[in-house]
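[1] Using only what follows, build the 3D model:
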Amino acid sequence: MTKIQLKTEHTTQMIDISAEVKEAVITSGIKDGIVVVFTPHTTSSIVLFEKVDQNLRRDYLKLLKTYVSGEAYSHKGGNAAGHLKSAMTGASVSVPVIDGHPMFGEWQGVFFCEFDGPREVREVLIKVIQG
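    Predicted coordinates:
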């Protein structure tokens, strides 16, 4: 198991962690299996997303903001929008590992999504499982 820590700088943002996922797969020595990437936070998520155009990330966060507005929610914590966005997008992704490499599509990357930042420490767990 690999644990990485991230510092977020904005209320919402997407951080490309594809390199860290690739490194965890290589370091594991596992040639065929699956890599699971998970965040234990209820106001963040892990998604597979297009990695080349940074503007598309802004569009994605803007889209989520339209679905989950800043309206008054029943949640007392003041961060209901972050929890709801996290629930909509998911806490983990699984990617096949073949010949010691995660099999991302040509344009895919793995992203940590912050929905309640900024935060000094956010954790991501990466587990490579032999198949």
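[2] Let me see the ranges of the helices in the chain.
    Per DSSP state H, the chain carries helices over the ranges 18-28, 54-67, 80-89.
[3] how about these, which one is nearest Ile126?
    helix 18-28 (4.2 Å; Cβ to Cβ). In short, each C-beta sits where N, CA and C put it, glycine included.
[4] counting contacts, what elements does that closest one pack onto?
    Judged by 3 or more Cβ pairs under 8 Å, 6 or more residues apart in numbering; DSSP states H and E, helix 18-28 is in contact with strand 2-6, strand 33-38, strand 101-102, strand 108-114, strand 122-130.
[5] quick one: contacts of that helix?
    2, 4, 35, 37, 51, 95, 97, 100-102, 104, 109-111, 124, 126, 128 (Cβ atoms under 8 Å, 6 or more residues apart in numbering).
[6] same question, stretch 41-55
    14, 16, 18, 37-39, 56-57, 60, 79, 82-83, 85-86, 89-93, 95, 104, 107-116, 122-124.
[7] which of these are buried?
    14, 18, 37-39, 57, 60, 79, 82-83, 85-86, 89, 91, 93, 95, 104, 108-116, 122, 124 (16 or more other Cβ atoms under 10 Å).
[8] quick revisit: can you redo the helices of the chain as CSV with distance to Ser44?
    As requested, the helices of the chain are exported to CSV (distance: least, Cβ to Cβ, whole Å):
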stretch, distance to Ser44
helix 18-28, 15
helix 54-67, 12
helix 80-89, 6
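[9] what pairs with Val47 across the strands?
    Val47 forms beta bridges with Phe111, as assigned by DSSP bridges.
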